[in-house]
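Peer 1: model this:
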Amino acid sequence: MTAIFTWLAGAVAYMILAGQFSADEVAAAVVLGGLGAGWHFAVMNDGARSFAFERPALRSAAAALLGFPGSTLRVGARLASALLRPVEGQRIEHPFHRGTSDDPRDRGRRAAVVLSTSLAPDSYVLRLPLSEQAITYHSLTGAAPSRDPRWPS
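Peer 2: I've put the predicted structure just below:
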């Protein structure tokens, strides 16, 4: 039942964001809603992994949300300057303490770091390799990450 609700909510959200009602948009809404429902089903039925979120994860997500307006203004100014000269982003590799792969708290922390880093309008995670103790992300404005290797976002 939840997958049907997810499909319906995804399709309705797509139609609202599409701004028009046509056969092409309805077909896209049906397909994308179905993909969202399939993704939801796959994630919810994968019992092999569990996540545990600690307070620093909430602080990281809250800091990303609170920094969103300022980041949006910086990115807007950077994109406006692209009218005058080319704008390039930066690929930044930052030390990141991954922790263990079987600890739910480490899994939750990694998920929170990837989410909060990619939530900002000027950056997104490119790589979080399993074998390295680093996170690689792209930044449009070159904002400096945190110095903490456990919480670089």
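
Peer 1: longest single helix anywhere in the chain?
Peer 2: Secondary structure of the chain per DSSP state H: the longest helix is helix 23-44.

Peer 1: check the offset of that helix from the chain's centre.
Peer 2: For helix 23-44, the separation from the chain centroid amounts to 19 Å (computed by Cα atoms, centre = their mean, to the nearest Å).

Peer 1: quick one: buried residues of it?
Peer 2: A29, G33, G36, A37, H40 (16 or more other Cβ atoms under 10 Å). Yep, even glycine has a C-beta here, placed from its N, CA and C like the rest.

Peer 1: only the buried residues of the worst-scoring helix or strand of the chain on mean pLDDT, if you could.
Peer 2: In the chain, no helix or strand scores lower on mean pLDDT, DSSP states H and E than helix 55-66, which sits at a mean of 75. For helix 55-66, a neighbour-count test (16+ other Cβ under 10 Å) marks A57, S60, A61, A63, A64 as buried.

Peer 1: the protein: strands as residue ranges?
Peer 2: In the chain, the segments counted as strands under DSSP state E are 90-95, 123-127, 134-139.

Peer 1: list the strands paired with the first one, with their directions.
Peer 2: Yep, that's strand 90-95 we're talking about. strand 134-139 (antiparallel) (DSSP bridges).
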